[in-house]
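Asks: sequence and predicted model, in that order:
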Amino acid sequence: MKVILAGGTGTMGRILQQHFAATGDEVVVLTRRPELRQHPAARMVAWDGRGRGDWWRELDGADALINLAGRSVDCRYTAARRAEILNSRLESTHALGKAMEACPRPPAVWINLSSATVYRHAEDRPMDEETGELGDDFSPRVVKAWENEFFRHARPGVRQVAVRSAMVFSRKGGAFPRFAQLVRFGLGGRHGSGRQFVSWVHEDDVARFFQWIIDTPEVDGVVNLSAPDPVREIDLMHALRERIKPLFALPSPRWMLELGALFLRTETELVLKSRRVSSKRAAALGFRFAYPGVGLALEELLPVAER
Ligand SMILES: NC(=O)c1ccc[n+]([C@@H]2O[C@H](COP(=O)([O-])OP(=O)(O)OC[C@H]3O[C@@H](n4cnc5c(N)ncnc54)[C@H](OP(=O)(O)O)[C@@H]3O)[C@@H](O)[C@H]2O)c1
């Protein structure tokens, strides 16, 4: 197969580069930094994430397109950054849509990233694709606009799948090393009330999920990607402490988190929003997670030698 990873240089992109290269597929990464050297088998191709370019040719005859591009949300949400977070997703999706329209032999499947943060703050019940309620603050609004832009570019013969991903637990970057770092620094007590849910997915399941979508023609439209067992934050911190064994673990009330987030130049939403997401459609269509519970995932991600 030839697989195109647009914006495939970040945490998820590197997971997928490794996976598809190991499977023997041809991997092309569309990036604004073509000089980057990541997986030796991945070919970096320049694009600007906005307009047309020579990269259009790469889509012709490819088998799958996966779009991961978007400005990181791990930052303070100033007006300028909010605009960047939104526009980077809309513009890159639009640019790919235009390229797909013009492509003589487009990939049969186009997967666009989306996010499980589209659902409202939920402690009461799991949010699945059918009965989940969407939120209405900044992040859900970005995700809704992103999905709308994606599905606007429907083309006969191209299966479109929007993956509402939970937080990826990976050693390669993103939220997981941040959580582990908090615990190492003695801040692994509960955050806020600690009752908020963390929906997460192990990196191996991320790779298996994208492969499964490509291989399973019945999957289309919106699918959630989240391990079946979201954990309360207080339990996640407990599980992390069991493995990291910090000398102490201070709880962080909301005001302290607000202050800390200012210094770390991030937003408290990333730890305080309750994300209780269910991958109901994937389960119904036969996908099984290799890491359904957080205990098993942490055993793999934090082996004894790395504590
Ligand atoms: N990781 C998670 O836990 C998670 C969970 C839910 C949803 N998601 C979503 O899934 C996607 C991939 O996640 P990730 O963790 O791999 O993200 P990431 O590490 O932030 O990487 C995203 C990539 O997007 C590209 N990018 C950034 N700003 C851009 C812009 N203005 N225009 C075009 N491209 C731009 C960058 O590639 P270049 O600099 O090489 O061009 C970057 O490497 C993101 O959109 C993210 O919001 C991630």
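Replies: Received the coordinates, thanks.
Asks: and the most far-flung residue of the chain relative to its centre, which helix or strand is it part of?
Replies: When each C-alpha in the chain is compared with the mean C-alpha position (CA atoms, centre = their mean), L247 comes out farthest, at 31.9 Å. Under the criterion of DSSP states H and E, L247 resides outside all helices and strands.
Asks: buried residues in the helix or strand hosting A297, which are they?
Replies: Secondary structure here is read from DSSP H and E; on that basis A297 sits in helix 294-301. Judged by neighbour count (16 or more other CB atoms under 10 Å), helix 294-301 contains these buried residues: 294, 297-298, 301. Quick note: C-beta positions are derived from backbone N, CA and C, even for glycine.
Asks: distance check, the residue of the stretch 1-150 of the chain found nearest the ligand against K2.
Replies: Each residue of the stretch 1-150 of the chain has a distance to the ligand, by CB to the nearest ligand atom, and the smallest belongs to G10, at 2.0 Å. Going from G10 to K2 by CB to CB, to the nearest Å gives 21 Å.
Asks: where does the spatially most central residue of the chain land on pLDDT?
Replies: Centroid-nearest residue in the chain, with CA atoms, centre = their mean: S165, separated by 4.7 Å. If you check S165, the pLDDT there is 98.
Asks: tell me the bridge partners for it.
Replies: The residues listed as beta-bridge partners of S165 by DSSP bridges are S115, L225.
Asks: what separation do you get for R178 and V109?
Replies: When distances are taken as CB to CB, R178 and V109 turn out to be 32 Å apart.
Asks: contact residues of the stretch 151-300 of the chain facing the ligand?
Replies: Taking CB under 6 Å from any ligand atom as the test, the list of the stretch 151-300 of the chain residues beside the ligand reads 165, 167-168, 174-175.
Asks: do the stretch 1-150 of the chain as well
Replies: Residues of the stretch 1-150 of the chain found near the ligand (CB under 6 Å from any ligand atom) are 7, 9-13, 31-33, 49, 68-73, 88, 92, 113, 115.
Asks: among those residues, which are located in helices?
Replies: Among those, the members found in helices (DSSP state H) are 11-13, 88, 92.
Asks: between R178 and V109, tell me which one has more neighbours.
Replies: For the pair R178 and V109, the greater number of neighbours falls to V109 (23 against 15), based on other CB atoms under 10 Å.
Asks: mind listing what the more buried one touches?
Replies: With contacts defined as CB atoms under 8 Å, 6 or more residues apart in numbering, V109 is in contact with 63-65, 158-161, 213-214.
Asks: what subset of the residues of the stretch 1-150 of the chain next to the ligand is buried?
Replies: Among those, those classed as buried by 16+ other CB under 10 Å are 7, 9-13, 31, 49, 68-71, 73, 88, 92, 113, 115.
Asks: helices and strands around the helix holding A297, which ones?
Replies: Judged by 3 or more CB pairs under 8 Å, 6 or more residues apart in numbering; DSSP states H and E, helix 294-301 is in contact with strand 200-202, helix 233-244.
Asks: how many residues are close by W146?
Replies: Residues contacting W146 under the criterion other CB under 10 Å number 25.
Asks: in a helix, I4, correct?
Replies: No - according to DSSP: H, G, I helix; E, B strand; the rest coil, I4 belongs to no helix; its state is strand.
Asks: quickly list what it is bridged to.
Replies: What pairs with I4, by the bridge criterion (DSSP bridges), is V28, L65.
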